[in-house]
Each structure stands twice: as structure tokens, then as C-alpha cells.
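S.K.: This is a predicted model, with the sequence first.
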Amino acid sequence: MAAGNRAQIKHELLVWGRQMSGMPPSVAAKKIGITEERLKDWEEGKIKPTIKQLRTLANVYKQSFAAFFLREAPSVPKLPLKDYRRLPGATSHEVSHEIIMDVRNALDRRLITLDLMQLNGIEIDKFSYQGSISEGVDVLSKRIRSDLDVTIAEQLKLRDPNKGFRYWREALEDLGVLVFQSSTIDIGDMRGYSVYDDYLPIIVVNRKDAEAARIFTMLHELVHIYLRASGLCDLEARTDIPPEEQRLEQFCNDVAANTLVPKEHFTNSEILLTNDNNVWSDIEISSLAKEYCVSREMIARRLVEVGRADKVFYRDKREQYLDEYKKQKASKSGGFVPPATDVLSKGGRKFSGLVIQSLKSKKINSTQASELLGVKLKHLVKISASLGY
């Protein structure tokens, strides 16, 4: 093939692009539609890809086409990935390229949010809320609830997990946290993660998870942010990590649980006061879960933590709920999510609202707005209406 049809780029940039995506050569080659040997030849500079092949590669790596024509390859930033929340029973703790790309997407959205805030003259406040393990579960959980301005009375009105998730998410965003949702990663691989920064820290939850479970994930990750300990976090007990990290994860679990279901209120609830044998029916657990707008597993966990059930009870209930979840998941299809709904679900009202606000104030044009939100121009009107613009 004529040299003019080849992309005149430095081969180091091909290595950089793949490393930025987190893909091993075998996965990258398959997605591009070439052999692993051909990809190796490209990356070693033995042969250059054609312009068409480079466009395909850029699309697979989620990089701009122009980036591969830089004079030299940029450094590959180290992502704040350590551990992450997975479904019970998951064994591998490797960070997949799907998660790496998801984290980079979240970081990009954060930078865009900062740029749009500056563009619109919006003051960017430093995230000043914090805590420490030394102050104890009860103290920190009460302060977090106070910082979020979420009262028990308001929480008890929610009762529906969908409404509850939106309520807690907006409370976190009002606090100065960007809350995004991922829709591309399997729930068995990731349930949530957080990235701390002095300005606009990030929490990402998996939209494939149950809404009640997402609420707990948000609060668990918020505790990590308060502790300035960002990362991909695991809510399940693990023995393959250092003792100090085990204590950190358990502390985050305990604070999140006490924030969502405060011990003092929980132990004085009518169902607990009228049950004197500590034998808990599915109806009682479901009623308590609906009352606090949390998952049934969360209630089973709290019953153990307040001394009204044992660990065997919790283990059995968790296995029951996990089995039910897997059966429900197998019987459900993904379904179609309208673009406007999808944008607000994944990006949140803060990020999406800033894009529309910038469009309305003519700081950006409609083409830029559609690119930032990842939708066609025709959907901007409905997104604007959903946001009240």
C-alpha cells in the first residue's frame, strides 16, 4: 500500500493510546479488528496503520484522532485505583480496562464541570467537609447527615428506592460532590468508586445495581471522601488486604449504615419494639427497608449491628437476596432508556445543568453542548425542559 495512505505518526503514541485505555494487546487488537501481531508491529514502528485504521483505533481507545499526531506521547497518568465494591462472591480484584476508561471519563467530566463553572462565573468552593476514624462511627455519621441536611422525617417520606436515590444524590451534589452513574460495566465487576479532590470530588455508582444498593454505595464512598481516602472501594469483608485497609473499609460500612439507618431511631422503631423474640420475617425486614428506603440487606446488617440478630442470620439473608437478585437479573432485559433520561441519569443534574446553562447563556453552542452530553442535537430541548430551563 502506498506510503501516502499510511498515518505519519510516531509509534510511541500508539502505545500511549492503548495504555490510556487500559487494554491489554489481545483485547485492543480484537476490538480494532486486527491480529495481535499486527498491533505489535504498529507499536514497534515496523509498519504504520492506514488513516482508516487509525480512526478505528482512536475510536476504540476513546481518544481524539488528532491526539495521535502529537510530537511526542504524553505521560500516562496514574489513576487513583486501589480496591472497589463488587458483588459478594467475586474473587478477582484486577482493575479491568472498562473500569479504567470509566474512571477517565468521570475525571474528564469533572474537568469539564470546573471549566463550565469558571466560564459562567460560578465560584468553586473547596470541599471542606472531612472526618477521621478516631472520632468514631456515631459522631461522624451524625455530622454527615447534618452536613447533607437530611432529616429522618424527610427520609421516612421517601419509601420508594427510585425517589430515595434521587433525593440522596441531590443532597450529595448540593454538598459539592459530583455523582455520576456508570452504565457500561457489569455489576459483578464494579458497584462503585470515589475520587477525592479538594474541588468537586467524584462518586460513581453502577446503574445496573439496585437503586437501594446504590444509595448505600454513595454513602460508603462519601465516607471515603470525608476521610480523604479515595479509590475503588469494596464493601465486602476481605482478608487479602492489609489490616489497616480492612479497618478502613469496615469503618466506611459502619458510618454509611448508621447514617442511613441511625441506631437510636432504628432501635426505637415500632417493629423492633414489638418484636421480643428476635426472629425476623421477610415481611418485617421488607417493611423496615421500605420505611428507611434502603435495601433488605441493609436492614439485616443493622439488626446484627444493634444486637437483634446474629451473623449467621445476616449471612443467610445476604445469600437469599443475592440469589433473588441474580434470578431477577436473568429474567430482565436491559430495555430502552430515552436519551434525555440517560443523560441526566449518568451525568447528574449538576453536570448536565451546567452544560445547558452554558448553552442558554451562549457560553457554548448547541454542537458543543451535544458533544459534552453525548447526545444528538434534537435531544437538547427535552434535556433542557427536564432541568427546568
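M.R.: Good, I have the coordinates.
S.K.: would you list every one of the strands in this protein?
M.R.: Applying DSSP state E to the chain gives strands spanning 178-182, 192-195, 202-206, 231-232.
S.K.: what's the angle from the first one to strand 202-206?
M.R.: Using axes from the mean of the first three to the mean of the last three C-alpha atoms, to 10 degrees, the inter-axis angle of strand 178-182 relative to strand 202-206 is 30 degrees.
S.K.: by contact count, what packs against strand 178-182?
M.R.: Applying 3 or more C-beta pairs under 8 Å, 6 or more residues apart in numbering; DSSP states H and E, one finds that strand 178-182 contacts helix 97-119, helix 161-175, strand 202-206, helix 339-360. (Glycine included, C-beta is placed from N, CA and C.)
S.K.: which secondary structure elements does the second one contact?
M.R.: Contacts defined by 3+ C-beta pairs under 8 Å, 6+ apart place helix 161-175 against helix 137-148, helix 152-158, strand 178-182, helix 211-226, helix 339-360.
S.K.: and among the ones you listed, the most buried is which?
M.R.: Compared across the helices and strands packed on helix 161-175, helix 211-226 shows the largest average neighbour count, a mean of 25 (mean count of other C-beta atoms under 10 Å).
S.K.: What is the neighbour count of residue 268?
M.R.: Neighbours of residue 268 under the rule other C-beta atoms under 10 Å: 10.
S.K.: One more: residue 325?
M.R.: By other C-beta under 10 Å, 17 other residues sit near residue 325.
S.K.: The closest residue to it other than its chain neighbours: what's it in contact with?
M.R.: Of all residues not flanking residue 325 in the chain, residue 210 sits nearest, at 6.9 Å (C-beta to C-beta, 6 or more residues apart in numbering). Contact analysis of residue 210 by C-beta atoms under 8 Å, 6 or more residues apart in numbering lists 161, 295, 325.
S.K.: Which pLDDT value belongs to residue 210?
M.R.: What the model reports for residue 210 is a pLDDT of 89.
S.K.: what do you get for residue 247?
M.R.: pLDDT, residue 247: 83.
S.K.: Point to the residue nearest the middle of this structure.
M.R.: What sits nearest the mean C-alpha location of the chain, by C-alpha atoms, centre = their mean, is residue 204, with 1.6 Å.
S.K.: Who is that residue paired with across the strands?
M.R.: residue 180, residue 193 (DSSP bridges).
S.K.: Could you report the distance from residue 32 to residue 47?
M.R.: For residue 32, the distance to residue 47 equals 14 Å [C-beta to C-beta, to the nearest Å].
S.K.: What of residue 139?
M.R.: 63 Å.
S.K.: where does this protein have its least confident helix or strand?
M.R.: Within the chain, no helix or strand scores below strand 231-232, which has a mean of 60 by mean pLDDT, DSSP states H and E.
S.K.: Does residue 124 touch residue 113 like I think?
M.R.: No. With contact defined as C-beta atoms under 8 Å, residue 124 does not count as touching residue 113 (9.2 Å).
S.K.: Quickly list what's touching both of the two.
M.R.: Taking C-beta under 8 Å, 6+ apart as the contact rule, residue 124 and residue 113 both touch residue 200.
S.K.: So those two - more neighbours on which side?
M.R.: Under the criterion of other C-beta under 10 Å, the comparison of residue 124 against residue 113 puts residue 113 first, with 23 against 13.
S.K.: mind listing what the nearest residue in space to that one that is not next to it in sequence touches?
M.R.: Leaving aside its chain neighbours, residue 113 sits nearest to residue 351 (5.3 Å; criterion: C-beta to C-beta, 6+ apart). Applying C-beta under 8 Å, 6+ apart, one finds that residue 351 lies in contact with 109, 112, 113, 178, 180.
S.K.: how about a markdown table for those residues, with pLDDT added?
M.R.: A markdown table is the format used below for the contacts of residue 351 (pLDDT from 0 to 100):
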| residue | pLDDT |
| --- | --- |
| 109 | 90 |
| 112 | 92 |
| 113 | 94 |
| 178 | 97 |
| 180 | 96 |
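S.K.: where in the stretch 1-150 of the chain is pLDDT low?
M.R.: Within the stretch 1-150 of the chain, the ranges that satisfy pLDDT under 70 run 1-4, 77-94.
S.K.: Return stretch 44-55 as CSV; C-alpha atoms alone will do.
M.R.: The C-alpha coordinates for stretch 44-55 follow below in CSV (Å, rounded to 0.1, in the frame of the first residue of the first chain):
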residue,chain,number,x,y,z
GLU,A,44,7.1,-1.2,17.5
GLY,A,45,7.1,1.1,14.4
LYS,A,46,7.7,-1.7,11.9
ILE,A,47,4.7,-0.6,9.9
LYS,A,48,2.2,2.3,10.3
PRO,A,49,-1.6,1.9,10.3
THR,A,50,-3.6,3.4,7.5
ILE,A,51,-5.6,6.6,8.2
LYS,A,52,-8.8,4.5,8.3
GLN,A,53,-7.2,2.0,10.7
LEU,A,54,-6.0,4.9,12.9
ARG,A,55,-9.6,6.3,13.1
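S.K.: what sits against residue 225?
M.R.: Taking C-beta under 8 Å, 6+ apart, we find residue 225 in contact with 127, 129, 177, 194, 196, 201, 203.
S.K.: What separation do you get for the closest residue to residue 116 other than its chain neighbours and residue 118?
M.R.: Leaving aside its chain neighbours, residue 116 sits nearest to residue 354 (4.3 Å; criterion: C-beta to C-beta, 6+ apart). Going from residue 354 to residue 118 by C-beta to C-beta gives 11 Å.
S.K.: now swap in residue 48 and tell me
M.R.: Counting by C-beta to C-beta - residue 48 and residue 118 are separated by 39 Å.
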